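J.: fold the stuff below for me.
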Amino acid sequence: MARWREGQGCLTPVTIDDLHGRKETDMIQSYFVGLGPWAWLIFGLVLLVLELVAPGTMFLWFGIAALIVGGVSFAFDLGWQNAAILFGVLSLVSVIVGRLLVNRFSKSSTDKPLLNERVLSLVGKTFFLDQAIEHGQGRLKVRDSYWRVTGPDCPAGSEVEVVGGDGTMLTVKPVTKL
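T.: Numbering: from 1, shown residues only. The predicted structure is shown next:
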């Protein structure tokens, strides 16, 4: 059974677009396009607010790009298509520049540079083997934990120096007394 609606003095069939609210979405689109530069400024501010609640700095760069597009749209009469292209280009540029800035200025100096690098913090230190190194494998105790070690065969109790490591495996060499 076909549905009919009244339009321009006669009955016309209802289209699928009418049933799915197509005119409502067109109205919403035209509202945002009608906002012009204000839409970009609002979008940029929303992205900056999202940056405050989300971890990282990703929304910051897109928000800055949207604010710049809004400013340029006020100065020049850009269509929404050109504004969208400009937003894409500025987003890409701002993410790249932002990444470079973050990498340059995020290297903080600290008095404990090896705090989270446990293996590197042990390099150069000497310990006594808890278990003999046999066939290149052994074990030593560092404070309250045991570490697997690789190196030349040595008896238990031998003094060894840590020369490197990978993950939870330390590489050691025997300490020679002069």
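J.: from here on, just use CA atoms for contacts and neighbour counts.
T.: Will do.
J.: quick check: closest non-adjacent residue to Q137.
T.: T150 (4.8 Å; C-alpha to C-alpha, 6 or more residues apart in numbering).
J.: all the strands of the chain, residue numbers only.
T.: 4-7, 10-13, 126-134, 137-142, 145-150, 159-166, 169-174 (DSSP state E).
J.: L45: which of these is closest?
T.: Closest to L45 of these, according to C-alpha to C-alpha: strand 4-7, at 42.0 Å.
J.: sorry, back to before: my guess is the residue nearest to Q137 contacts E134, does it?
T.: No - T150 lies out of contact with E134 (C-alpha atoms under 8 Å); the separation is 9.1 Å.
J.: more neighbours: which of those two?
T.: The neighbour comparison of T150 against E134 (other C-alpha atoms under 10 Å) goes to T150, with 21 against 15.
J.: got the contact list for that one?
T.: 133, 136-138, 169-172 (C-alpha atoms under 8 Å, 6 or more residues apart in numbering).
J.: wait, which of those is closest to K125?
T.: Closest to K125, out of all of the contacts of T150 and judged by C-alpha to C-alpha, is V172, at 9.8 Å.
J.: the closest one and A156: what is the separation?
T.: 13 Å (C-alpha to C-alpha, to the nearest Å).
J.: also L86?
T.: L86 is 69 Å from A156, by C-alpha to C-alpha.
J.: the protein - how does it break down into domains?
T.: Using automatic domain parsing, the domain parsing of the chain gives 1-35, 37-104, 118-174.
J.: need those in JSON lines (columns: mean pLDDT).
T.: Shown next, in JSON lines, are the domains of the chain (pLDDT from 0 to 100):
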{"stretch": "domain 1-35", "mean pLDDT": "61"}
{"stretch": "domain 37-104", "mean pLDDT": "90"}
{"stretch": "domain 118-174", "mean pLDDT": "89"}
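J.: with adjacent residues omitted, what lies nearest to D166?
T.: Nearest to D166 is V119, by C-alpha to C-alpha, 6+ apart, at 7.2 Å.
J.: my read: the one you found touches T171, true?
T.: No - look at V119 against T171 with C-alpha under 8 Å: they stay out of range, at 9.8 Å.
J.: which neighbours do the two have in common?
T.: 164-165.
J.: distance from the chain centre to the lengthiest helix in the chain, please.
T.: Assignment by DSSP state H gives helix 80-105 as the longest helix of the chain. Remark: helix 80-105 is offset 15 Å from the chain centroid, using C-alpha atoms, centre = their mean, to the nearest Å.
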